[in-house]
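Chemist: Structure, please.
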Amino acid sequence: MRNSSRLRTLAFAASLSLTLPAFAALGGDATSVTNDQLQMQATLRSTQKQSYTMHELTLPSGTVREYVTAQGKVFGVAWQGASPPDFQQILGTYFQQFIQAGKAHRRGTGPLVIEQPGLVVYSGGHMRAFFGKAYVPDMLPEGVTADAIK
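Modeler: Alright, predicted model coming up:
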């Protein structure tokens, strides 16, 4: 009976992991921007630029912007608001690289700056006023600079 109970518990845990929603995280597919809107309980406004689309999610606590290539990949995210964003959600597969780079970064006062070939993150602020951006340099559309992500 013990093994049966343990198997049911494992099966239940596995089923939960399969039903988690996908997010339009950095480097991910933009088809899930609507899931972000629902998950964050945000209003969504999309603005078409020459070579990308900016999806702005407005939440009660602030704003998250997702920058998407014409091919549907999220190349950048930016945020501002009363609290920092859920970095695991917005950085997706880049979250572990962010964590590792953050551990190597000497923290003092001032913003967190991570500049690596495959990931750039600027994050700063103070209580009730956080801001930042993250992007993948190799994914920037032709003619678009990092200054477009704000």
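
Chemist: quick one: the strands in the chain?
Modeler: 43-48, 52-59, 62-69, 74-81, 112-116, 119-126, 129-135 (DSSP state E).

Chemist: Would you convert those into CSV that also reports mean neighbour count and distance to residue 101?
Modeler: C-beta here means a position set from N, CA and C on the backbone, and glycine is covered the same way. Listed next are these as CSV, based on neighbours: other CB atoms under 10 Å; distance: least, CB to CB, whole Å:
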stretch, mean neighbour count, distance to residue 101
strand 43-48, 12, 30
strand 52-59, 19, 25
strand 62-69, 22, 21
strand 74-81, 23, 16
strand 112-116, 14, 4
strand 119-126, 17, 7
strand 129-135, 19, 11
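
Chemist: got these as CSV, with distance to residue 87 columns?
Modeler: Converted to CSV, these look like this (distance: least, CB to CB, whole Å):
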stretch, distance to residue 87
strand 43-48, 21
strand 52-59, 15
strand 62-69, 11
strand 74-81, 10
strand 112-116, 10
strand 119-126, 8
strand 129-135, 8
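
Chemist: can you list the ones you listed in CSV and add distance to residue 96 and mean pLDDT?
Modeler: Formatted as CSV, these follow (distance: least, CB to CB, whole Å; pLDDT from 0 to 100):
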stretch, distance to residue 96, mean pLDDT
strand 43-48, 28, 93
strand 52-59, 24, 93
strand 62-69, 20, 93
strand 74-81, 16, 95
strand 112-116, 13, 93
strand 119-126, 10, 94
strand 129-135, 14, 96
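
Chemist: show me what contacts residue 95?
Modeler: Residues near residue 95 by CB atoms under 8 Å, 6 or more residues apart in numbering: 87-88.

Chemist: how close does it sit to residue 129?
Modeler: As judged by CB to CB, to the nearest Å, residue 95 and residue 129 stand 23 Å apart.
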